[in-house]
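Sequence first, then the predicted structure, then my questions.
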Amino acid sequence: MLLNIEKLRKEYKRGNTSFFAVDSACLSVEHHDFICITGRSGSGKSTFLNMVAGLLTPTSGTIALHGNDYSTMNDKQISKLRNESIGFIPQGQCLLPNLTVLDNVRLPFYLSKRNGDIHEKAMSLLKKVGIADLADMYPAQLSGGESRRVSIARALINSPSIVIADEPTSNLDKETAKEIMKLFSHITSTGIAMLLVTHNLEFVEYGNKIYSMDAGKLIEGSRA
Amino acid sequence: MSDKNLTTIALSIQNLKRKPFRSTCLIILVSIFSFVLFGGSILAVNLTNGMDNMSKRLGADILVVPAGYDKSVQDILLTGHPSSFYINGSIQDKIARVNGVKTVSPQLYIATLSATCCSASLQLIGFDPNSDFVIQPWISKRVRSNILNNEIVVGGNVGAKPGDVLKFYGRKYRVVACMDKTGTGLDASVFMNMNTARKVIFNNEKLSSQYANFGKTLISSLSIKVEKSYDINEVASNILKNYGEKGIDVIVSKNMLSSISNNLHTFLLFIDALIIVFWLLAIIVLTTVFAVILNERKREISILRSIGATRKKISRIILCESSLISLIGSLVGIFFACLILFPFNAFISTSLKLPYLLPSFLEILVFLLASFLISFSVGPIASIFAAFKIGKSETYTMMQED
């Protein structure tokens, strides 16, 4: 099993009352899995993804990637795991504005101590997502779809085991959104698992496992 | 196309370049601080050195001068502004007999109009080698037992060297020694024995007729050493009481020095206050800016976290940015301070009208390094709060929903 999540909970306090943004979520992900999670705004999807990515500490429950339990790891170890095994595509504009497209893609390579040159691989990924000619542009010069493609290339630069994408098609026109989803399908075909959160029920058809999130509860569903 | 390593420094430089106006303003702030720190420190040391040298050089406990010329003597000592003033030398023996007076030595001041060596006028000071206890000991130690007639010793700022010949009032005088700089007005003075000084006056028709009424033994001042067991102020008061009607005034050196020293003290306090104000200002502004930047850059920080940057790495980027600002600011500030302090040394000295002496190169280097380190520390100190906040809070690591 690639990723195993057991009884994951995240409790927040609002004033005097507390509530669970994520409540007893369980999920197991295998290689090649394309998992789609749908749900309304505020249902806890992003909190869930942030915990899976190791960016947020759960109140209780376990997350294990490649058998590595996050609760036994410190920030350095989790960051290394995220850098090496997880490709994270955050919601909205998620590129560093002061770096070129190419440098945005190359950056994750330099966050862990690695030797070698990543230039060729970064260019080949940009080519794969169809924007090699934009390598020297800055994020401000890109359209929404182009930015999303850059973040996909960046997510793949360290050959992760799983790509986590938070609303990757939001604010995109239908055609561009479809192209992005096709790209994700292609990614899973290479053996990389996909964990994707989307509002758009139309795109859940790309997934082989579908979940919905409601008031923090992760419910397994099926294709309509 | 970039193929450089995206190191912490490279990322920090990119971040600073992205906000050129803000980065420049912060650099200017640090540079003003380092300018004030280094410039102020050097200025303070120069003045303190000058003051120390002046008290050493003054030597005398009491100076007797013609009534109303105490300010002129102070000008000669502080700024080297030449003056001529005289009293009849017969008073020397009378004052020597006052209780408590140990040694009395006369000086003769002559303001020159021009000299072959200098564009500005100089102060010629005649002294009596037999009784002098200020210049003569230096000459005995550094030149020879005595300077002969028509020989001169020049102050550190006169710009002549041993062997040179200077011309005053139509006559030539040979330089036998050049004194070390003292930071006082004496640096712009020329010293000669009393015989030579009197000849300068009496061989010149205009001067001799102008000062004829002071007699052949005219003098300008008397330097007095007081016996250790006597109170200097009391001796000064006795001199004034007994011979005040002869047209003389007394200056008690320590009182004059303490008045200058008080002015200097106020000035140094002002410099210290200025340094502290700018230090606090720089730290407060930088801390505020970095705290604000942190909020503004929440998204950027969370992106870095999402792709595998550790909290330490992000804190390092922030610290590196502030250190770069400090580094550039400190260097710019110190550079401009050097640019003003050293080439305009003489101008500053004249404008301040206080004893002013540059420290040694080694001392300057020590102050330069210390100023650099202190001003460089401003940035990292200011960003510690921001770095600490990143290290502790999940707010800066979580990718928020838009």
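Yep, that arrived.

only C-alpha atoms for contact and neighbour calcs from this point on.
Will do.

List, one by one, the residues from chain A near chain B.
Residues of chain A lying near chain B by Cα under 8 Å from any Cα of the partner chain: A:46, A:50, A:53, A:55-56, A:75-76, A:79-84, A:87-88, A:90-92, A:94-96, A:98-99, A:102-103, A:107-108, A:110-112, A:119, A:135-136, A:155.

Which members of those occur in helices, if any?
Taking DSSP state H, the ones among the residues of chain A next to chain B that sit in helices are A:46, A:50, A:75-76, A:79-84, A:102-103, A:107-108, A:110-111, A:119, A:155.

could you flag which of those residues are buried?
Buried residues within these, defined by neighbour count using 16 or more other Cα atoms under 10 Å in any protein chain shown: A:46, A:50, A:75, A:79-84, A:102-103, A:107-108, A:110-111, A:119, A:155.

Which parts of the stretch 301-402 of chain B are helices?
In the stretch 301-402 of chain B, the segments counted as helices under DSSP state H, counting those that start in this stretch are B:311-341, B:345-352, B:361-392.

Need the three-state assignment for whatever residue of the stretch 51-200 of chain B ends up closest to chain A.
Per Cα to the nearest Cα, residue B:183 is where the stretch 51-200 of chain B lies closest to chain A, at 53.5 Å. The three-state label given to residue B:183 by DSSP: H, G, I helix; E, B strand; the rest coil is coil.

Just the pLDDT at the residue of the stretch 301-402 of chain B found nearest chain A, thanks.
Closest to chain A within the stretch 301-402 of chain B is residue B:308: 4.0 Å, counting by Cα to the nearest Cα. Looking at residue B:308, its pLDDT is 91.

Test my guess that it contacts residue A:80.
Yes. Using Cα atoms under 8 Å, residue B:308 is in contact with residue A:80, at 6.0 Å.

So for these two, which residues contact both of them?
Counting by Cα atoms under 8 Å, 6 or more residues apart in numbering or on different chains, the common neighbours of residue B:308 and residue A:80 are residue A:112.

Contact partners for the residue of the stretch 51-200 of chain B closest to chain A?
B:46, B:49, B:50, B:51, B:53, B:54, B:355, B:356, B:357, B:358.

Surely residue B:5 is in contact with residue A:109?
No. If you go by Cα under 8 Å, residue B:5 and residue A:109 don't touch, sitting 9.6 Å apart.

more crowded one of those two?
Per other Cα atoms under 10 Å in any protein chain shown, whichever of residue B:5 and residue A:109 has more neighbours is residue A:109, with 23 against 16.

wait, that one sits on residue A:160?
No. Using Cα under 8 Å, residue A:109 is not in contact with residue A:160, being 11.4 Å away.

Could you say which helix or strand holds residue A:175?
Using DSSP states H and E, residue A:175 falls within helix A:174-189.

Mind listing residues that contact the helix or strand that that helix is followed by?
Sequence-wise, the next helix or strand downstream of helix A:174-189 (DSSP H and E) is strand A:193-198. For strand A:193-198, contacts defined as Cα under 8 Å, 6+ apart pick out A:29-39, A:45-46, A:161-170, A:184, A:187-188, A:204.

Break chain B into its domains for me.
For chain B, automatic domain parsing gives the domain ranges B:3-53+B:260-401, B:68-246.

With distance to residue A:200 as extra columns, can I get these in TSV?
TSV is the format used below for the domains of chain B (distance: least, Cα to Cα, whole Å):
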stretch	distance to residue A:200
domain B:3-53+B:260-401	16
domain B:68-246	83
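
Spatially nearest residue to the closest residue to chain B within chain A (excluding sequence neighbours)?
For chain A, the residue closest to chain B is residue A:83, as judged by Cα to the nearest Cα, at 4.0 Å. Leaving aside its chain neighbours, residue A:83 sits nearest to residue B:308 (4.0 Å; criterion: Cα to Cα, 6 or more residues apart in numbering or on different chains).

so which helix or strand takes in the residue nearest in space to the middle of chain A?
Central residue check for chain A by Cα atoms, centre = their mean: the C-alpha nearest the mean position is that of residue A:164, 1.8 Å away. Following DSSP H and E, one finds residue A:164 within strand A:162-166.

Quick check: neighbours of that strand in the sheet, parallel or antiparallel?
When pairing is defined by DSSP bridges, strand A:162-166 lines up against strand A:86-89 (parallel), strand A:193-198 (parallel).

which of those strands sits most buried?
Comparing the strands paired with strand A:162-166 by mean neighbour count (mean count of other Cα atoms under 10 Å in any protein chain shown), strand A:86-89 comes out on top with a mean of 30.
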